[in-house]
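[1] Fold the following.
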Amino acid sequence: MGKRKRDLLEKTAEAFDLPGDLVAGLPRVELVGDRELRMFRHRGILAYGEQEIHISGGKLILKVRGEGLELRSMNAGDLLITGQIRGLDLE
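    Take a look at the predicted model:
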C-alpha cells in the first residue's frame, strides 16, 4: 500500500473515530487469559499442531505456542483457538 493511501486511511479513521486496524483491513487478535485466542481478518492456517499453530495475517505470521491447542472454529475471516496458550510470536 502506498504512503498516500495509508495517509488517507489514517485521516479517515481519525475523522470518523474508527479503529485504524478496521479501516486498513489489518488482522486483529484478542487473547482471553491463557486459554482462548480469537483472530479476525486472518488469511489462513499455515501450520497446525497441538503445540503450535501458525496463522497468516497477510504481511505478518502469528505463531501460537502452547499445550493442547485446538482450532475450535474458523470461517473466511475469523478463527478461535483454545488450549493452554504459553506464548505468541509475530514474524
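[2] so what pLDDT did the nearest residue to Arg28 once chain neighbours are set aside get?
    Leaving aside its sequence neighbours, Arg28 sits nearest to Phe40 (Cβ to Cβ, 6 or more residues apart in numbering; 4.4 Å). In this view, the C-beta of every residue, glycine as well, is placed from N, C-alpha and C. Phe40 carries a pLDDT score of 92 in this model.
[3] any idea which helix or strand comes after the helix or strand of the chain with the lowest mean pLDDT?
    Across the helices and strands of the chain, the lowest-confidence element by mean pLDDT, DSSP states H and E is helix 20-24, at a mean of 52. Where DSSP states H and E defines the elements, the next helix or strand beyond helix 20-24 is strand 28-32.
[4] which other helices and strands contact that next one?
    Helices and strands touching strand 28-32, by 3 or more Cβ pairs under 8 Å, 6 or more residues apart in numbering; DSSP states H and E, are strand 36-40, strand 78-90.
[5] now what about it, what contacts it?
    The contact list for strand 28-32 (Cβ atoms under 8 Å, 6 or more residues apart in numbering) reads Asp21, Leu22, Leu37, Arg38, Met39, Phe40, Arg41, Leu62, Ile85, Leu88.
[6] just how off-centre is that strand within its chain?
    Centroid displacement of strand 28-32 relative to its chain, using Cα atoms, centre = their mean, to the nearest Å, is 7 Å.
[7] List the contacts of the closest residue to Arg86 other than its chain neighbours.
    Nearest non-adjacent residue to Arg86, counting by Cβ to Cβ, 6+ apart: Gly66, 4.4 Å away. Applying Cβ under 8 Å, 6+ apart, we find Gly66 in contact with Asp34, Gln51, Glu52, Gly83, Gln84, Ile85, Arg86, Gly87.
[8] what's the farthest-apart pair in these?
    Asp34 and Glu52 (15.3 Å; Cβ to Cβ).
[9] So between the two, which is more surrounded?
    Ranked by neighbour count (other Cβ atoms under 10 Å), Asp34 and Glu52 place Glu52 first, with 15 against 12.
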